[in-house]
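Asker: For reference, the sequence and a predicted model appear below.
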Protein chains: 2
Amino acid sequence: MPNLFADIPRDLPDELFETLAGAGPVRIERIVSNGQTSPEGFWYDQTESEWVVVLQGSARLRFEDENADTELGVGDHVLIAPHRRHRVTYTAAATVWLAVFF
Amino acid sequence: MPNLFADIPRDLPDELFETLAGAGPVRIERIVSNGQTSPEGFWYDQTESEWVVVLQGSARLRFEDENADTELGVGDHVLIAPHRRHRVTYTAAATVWLAVFF
């Protein structure tokens, strides 16, 4: 039985992206972050909608159209509209995200 | 900030289904179960694929094509193919599922 909280490498120099399920334009992804943030000046600008939840750890997102970071603790979820530019400004060690792109 | 573990009614005579996001054939749903199981002889038989994870509590599924229940603890996830008949044979109190239909 696959588990969202299993198989998290102890050393994680890069974020870990794994597609769990999906079809066509739909993709369900586990992302494990370990302190990584988006590079300075980088903004995600996606063609899909993304629904994302933090399931372990914590993180902060900055949306370009907002003046402050959005804090995400365990269970907090957010829907990111296509082309809403955003970046990751903080992740705790062993932060587990679940993202659905559609 | 909406949270998957918030707003769980103390009394829950029926399962609680809430669509969190989606578009077209895609639906992201929080389901809260509180001991409910599928009625005797009832099988879910869905046209969509369903990816489902238990995020709080625990549950058991029975697939018609298997001889034993599948146990789901926190973080355990399963992809249910269209028309794979299944039923819920056990849920703990305040079990939180996240389901993605696509």
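Answerer: Received the coordinates, thanks. Residues are numbered from 1 along each chain as shown, chains lettered A, B, ... in the order given.
Asker: wait, does stretch A:40-48 contact chain B?
Answerer: No: if you take CB under 8 Å from any CB of the partner chain as the test, stretch A:40-48 misses chain B, and the best it gets is 9.8 Å. For glycine as for every other residue, the C-beta is placed from the backbone atoms N, C-alpha and C.
Asker: Get me the contact residues on chain A for chain B.
Answerer: Within chain A, the positions near chain B by CB under 8 Å from any CB are A:1-6, A:20-23, A:26, A:28, A:49, A:51, A:53, A:55, A:70-79, A:98, A:100, A:102.
Asker: I'd like to know which of those residues are buried.
Answerer: The neighbour-count test (16 or more other CB atoms under 10 Å in any protein chain shown) applied to the residues of chain A next to chain B identifies A:4, A:20-22, A:26, A:28, A:49, A:51, A:53, A:55, A:72, A:74-78, A:98, A:100, A:102 as buried.
Asker: Can you flag which of the residues you listed belong to strands?
Answerer: A:20-22, A:26, A:28, A:51, A:53, A:55, A:72, A:77-78, A:98, A:100 (DSSP state E).
Asker: can you list these in TSV and add distance to residue A:63 and pLDDT?
Answerer: Output for these, formatted as TSV (distance: CB to CB, whole Å; pLDDT from 0 to 100):
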residue	distance to residue A:63	pLDDT
A:20	26	98
A:21	27	98
A:22	25	96
A:26	23	97
A:28	23	98
A:51	15	98
A:53	17	98
A:55	21	98
A:72	12	98
A:77	15	98
A:78	9	98
A:98	19	98
A:100	18	98
